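A.B. asks: Provided below for reference: sequence and predicted model.
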Amino acid sequence: MNIDRRESLQTILAATAGLFLPTGRAAAATYPDRPVRLIAPYASGGTTDFITRLIAQNLQEEMGQNFIVENRGGAGGNIGSNLVVKSPPDGYTLLAGSLSTFALNAAVYENLGHDPLTDLVPVAVTTIVPGAIVVSPSLGVRDLKGLVALMKANPGKYNYGSAGNGTSSHIALSLLLEQTGTQAVHVPYKGVSAAVVDLLAGNISILFTSPTTVLEFLKDGRLIALASVSPKRLKALPDVPTAAEAGYPKFDAYSWNCLFAPKGTPRPITDALFAAVDRSLKKPAVIAKLEDQGMLPVTGQTPDSTLRYTRAEFERWVPFVRKMKIQVN
């Protein structure tokens, strides 16, 4: 399916806003009556970990039970995902998944150990996770059009880093190259931190990353953000144009995070979780914490619109990534 993500998300949310009525209240009345495990499929300290802990804290407040975050990193998030898939479908083991674990990995890994479309139930999209195209001042460009012109004039001369083969930072810049008819050399790292170090050292020229990972370097001028890849300008980067404002409206390679449950989890339980997440994401304190980190809370959805959105994302990204024929190290 070829979709415009901004229109898709806005259309889905606008068409269904206000229609959600929790079903099966009686069946969900006792849930949760013991601690809930919330599996973050990456190491602690990253974007997903931050979102997961913020959501867990607020679910605890909303539902009156402990939500315990467990970091189960490895294999690009597949280890944590498989742990949840194999757990009892009772609402007590949940996955803090993302675009990568749900869709990108399905195209990158030969055997995930599960089928995201049938083995996981999308409960609620929690956040849009924008990225930024960042370069060193020594590259001599100050906007995205300037970078594209430079790459067109010098095919294959410049390189770009990523957090690893098949990661969202890799896929995002691959999409930009395809859409602009340009060429650059991909340099994969084991995590974005190492890529940032090499960008500062001048060993790579371009990086697509979460704004928070480079915010201090943008403030002191050691790096320049050419554009944010987001539906709207970010509070963390108010003076940086979006890719659409910079002249590239189809470059919408932002990521997202979503709470998932194992297949077979009763609808009253997922509805109760959805309602608690939605209430949490409307809190001014939660909105402020996410926006300060360069993220956008997603509210106004329904359980059904969540399912449609995640499936549309799967159908958009899996063919694109498969076409890249990525080999995971």
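C.D. replies: Right, received. Where do you want to start? Numbers count the residues shown, from 1 in each chain.

A.B. asks: can you count the residues close to residue 35?
C.D. replies: By the criterion of other C-beta atoms under 10 Å, residue 35 has 12 neighbours. C-beta here means a position set from N, CA and C on the backbone, and glycine is covered the same way.

A.B. asks: residue ranges of the strands in the protein, please?
C.D. replies: Counting by DSSP state E, the chain has strands at residues 36-40, 67-71, 93-98, 120-129, 131-135, 159-162, 185-188, 206-209, 224-229, 255-262, 296-297.

A.B. asks: contacts only, for residue 263.
C.D. replies: Shown in contact with residue 263 (C-beta atoms under 8 Å, 6 or more residues apart in numbering): 85, 89, 118, 119, 120, 121.

A.B. asks: one more time with 6 Å, if that's ok
C.D. replies: 119, 121 (C-beta atoms under 6 Å, 6 or more residues apart in numbering).

A.B. asks: circling back to that earlier point, would you turn the strands of the chain into TSV with mean pLDDT and mean neighbour count?
C.D. replies: Converted to TSV, these look like this (pLDDT from 0 to 100; neighbours: other C-beta atoms under 10 Å):
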stretch	mean pLDDT	mean neighbour count
strand 36-40	97	22
strand 67-71	96	17
strand 93-98	97	27
strand 120-129	96	24
strand 131-135	96	25
strand 159-162	95	23
strand 185-188	95	16
strand 206-209	96	26
strand 224-229	96	24
strand 255-262	96	24
strand 296-297	94	21
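
A.B. asks: ok, which of those comes nearest residue 145?
C.D. replies: Closest to residue 145 of the strands of the chain is strand 224-229 (C-beta to C-beta; 8.9 Å).

A.B. asks: tell me the angle that closest one makes with strand 120-129.
C.D. replies: 140 degrees (axes from the mean of the first three to the mean of the last three C-alpha atoms, to 10 degrees).

A.B. asks: picking up where we left off before, now the strands of the chain as JSON lines including distance to residue 151?
C.D. replies: Output for those, formatted as JSON lines (distance: least, C-beta to C-beta, whole Å):
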{"stretch": "strand 36-40", "distance to residue 151": "36"}
{"stretch": "strand 67-71", "distance to residue 151": "37"}
{"stretch": "strand 93-98", "distance to residue 151": "28"}
{"stretch": "strand 120-129", "distance to residue 151": "25"}
{"stretch": "strand 131-135", "distance to residue 151": "11"}
{"stretch": "strand 159-162", "distance to residue 151": "10"}
{"stretch": "strand 185-188", "distance to residue 151": "11"}
{"stretch": "strand 206-209", "distance to residue 151": "9"}
{"stretch": "strand 224-229", "distance to residue 151": "12"}
{"stretch": "strand 255-262", "distance to residue 151": "23"}
{"stretch": "strand 296-297", "distance to residue 151": "29"}
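
A.B. asks: closest to residue 54 out of those?
C.D. replies: strand 120-129 (8.8 Å).

A.B. asks: packing partners for that closest one?
C.D. replies: Here strand 120-129 touches helix 47-63, strand 255-262, helix 267-281, helix 303-324, going by 3 or more C-beta pairs under 6 Å, 6 or more residues apart in numbering; DSSP states H and E.

A.B. asks: quick one: mean pLDDT for the last one?
C.D. replies: Throughout helix 303-324, pLDDT has a mean value of 94.

A.B. asks: quick one, domains of the chain?
C.D. replies: Domain assignment for the chain by automatic domain parsing gives 5-129+255-324, 131-229.

A.B. asks: what about the residue nearest to residue 96 when sequence neighbours are not counted, how many residues close to it?
C.D. replies: Excluding the flanking residues, the one nearest residue 96 by C-beta to C-beta, 6 or more residues apart in numbering is residue 52, at 4.0 Å. Residues contacting residue 52 under the criterion other C-beta under 10 Å number 28.

A.B. asks: so how far is residue 146 from residue 226?
C.D. replies: Between residue 226 and residue 146 the distance is 8 Å, computed by C-beta to C-beta, to the nearest Å.

A.B. asks: for residue 262, that is, sorry about that
C.D. replies: In terms of C-beta to C-beta, residue 262 sits 48 Å off from residue 146.

A.B. asks: ok, back up a step: least confident of the domains of the chain, on average?
C.D. replies: domain 5-129+255-324 has the lowest average pLDDT among the domains of the chain, namely a mean of 89.

A.B. asks: what about residue 262, distance to residue 201?
C.D. replies: Counting by C-beta to C-beta - residue 262 and residue 201 are separated by 44 Å.

A.B. asks: contacts only, for residue 161.
C.D. replies: 187, 189, 195, 204, 207.

A.B. asks: which residues touch the fourth one?
C.D. replies: Listed by C-beta under 6 Å, 6+ apart, the contact partners of residue 204 are 159, 161, 187, 198.

A.B. asks: just give me the closest of those to residue 256.
C.D. replies: Using C-beta to C-beta, the contacts of residue 204 come closest to residue 256 at residue 161, 22.2 Å.

A.B. asks: bridged to the closest one, which residues?
C.D. replies: residue 187, residue 207 (DSSP bridges).

A.B. asks: before we move on, the earlier item: hmm, residue 42 and the residue nearest to residue 96 touching each other?
C.D. replies: No - Residue 52 sits out of contact with residue 42 when judged by C-beta atoms under 6 Å, with a separation of 9.0 Å.
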